[in-house]
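Asker: only geometry, no sequence info:
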């Protein structure tokens, strides 16, 4: 079978035979297929690898699928999710919907259904790749939208002042660069003045409270920089 993509797929299922059958077939079609037998193992695999598409059961030992997905979403808002489950209960469906899933498949499923769902997820990934240049991934579910100059946590906007937005936009536009006070002051006030330095420091202190810990690092006697 022709391999379809370079996306990394994580398949999670506690029933060993079922997991082995599906993973064996998927590996004939996709280059990178990882597997896990429960939510805890899946979370470790996810943290150690760049995963693009997750396929998971709901009812699993140690950590169920929904709890795993909630933990996943704290780390990554863009990974595509396909759920395979025997549950048809509306409560489970609604809970899963809140996690921004691509497809919810009811067992028993066949390989054709699964591949069709993976194709859908891959298409969504391609569309995301086109838009990604406008989005800066921070960590812990935080992202910066360059177009809107807006900070989000798990898709919810975090309120910032106009000047705070200018500071963040400058820092995230230069993630590998130490930004001196002059650059940041000019970005916010249009021209440099020593009078603005203390105000800038106060504003950065305020911004830090709205971001994951240590996102902005102080460069002693120089200014600030992004800390990945």
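Answerer: On my side now, so go ahead. These numbers were taken from a predicted model, which means no experiment stands behind them.
Asker: mind checking how far the most centrally placed residue in the chain is from residue 66?
Answerer: By C-alpha atoms, centre = their mean, the chain has its centre lying nearest to residue 76, at 2.2 Å. Shown here: residue 76 relative to residue 66, a distance of 16 Å by C-beta to C-beta, to the nearest Å. All C-beta spots, glycine's among them, are computed from the backbone N, C-alpha and C.
Asker: quick one: contacts for the residue nearest to the centre of the chain?
Answerer: Residues in contact with residue 76, defined by C-beta atoms under 8 Å, 6 or more residues apart in numbering, are 46, 51, 141.
Asker: what sits closest to residue 177 if chain neighbours are left out?
Answerer: Residue nearest to residue 177 in three dimensions, not counting chain neighbours: residue 225, with 6.4 Å by C-beta to C-beta, 6 or more residues apart in numbering.
Asker: mind checking what secondary structure that neighbour has?
Answerer: Under DSSP: H, G, I helix; E, B strand; the rest coil, residue 225 falls in the strand class.
Asker: that one against residue 180, yeah?
Answerer: No. Here residue 225 does not reach residue 180: they are 9.8 Å apart, not a contact under C-beta atoms under 8 Å.
Asker: mind listing the shared neighbours of those two?
Answerer: Both residue 225 and residue 180 are in contact with residue 219, where contact means C-beta under 8 Å, 6+ apart.
Asker: just the buried subset of the contacts of residue 76, please.
Answerer: Members of the contacts of residue 76 that pass the buried threshold by neighbour count (16 or more other C-beta atoms under 10 Å) are listed as 46, 51, 141.
Asker: Serialize those to CSV and add fields for pLDDT, secondary structure and distance to residue 185.
Answerer: Listed next are the buried ones among the contacts of residue 76 as CSV, based on pLDDT from 0 to 100; DSSP: H, G, I helix; E, B strand; the rest coil; distance: C-beta to C-beta, whole Å:
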residue, pLDDT, secondary structure, distance to residue 185
46, 88, helix, 41
51, 85, coil, 41
141, 87, coil, 30
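Asker: which of those residues lies closest to residue 174?
Answerer: The shortest approach to residue 174 among those belongs to residue 141, at 22.7 Å (C-beta to C-beta).
Asker: contacts only, for the closest one.
Answerer: Taking C-beta under 8 Å, 6+ apart as the definition of contact, the neighbours of residue 141 are 73-77, 153-154.
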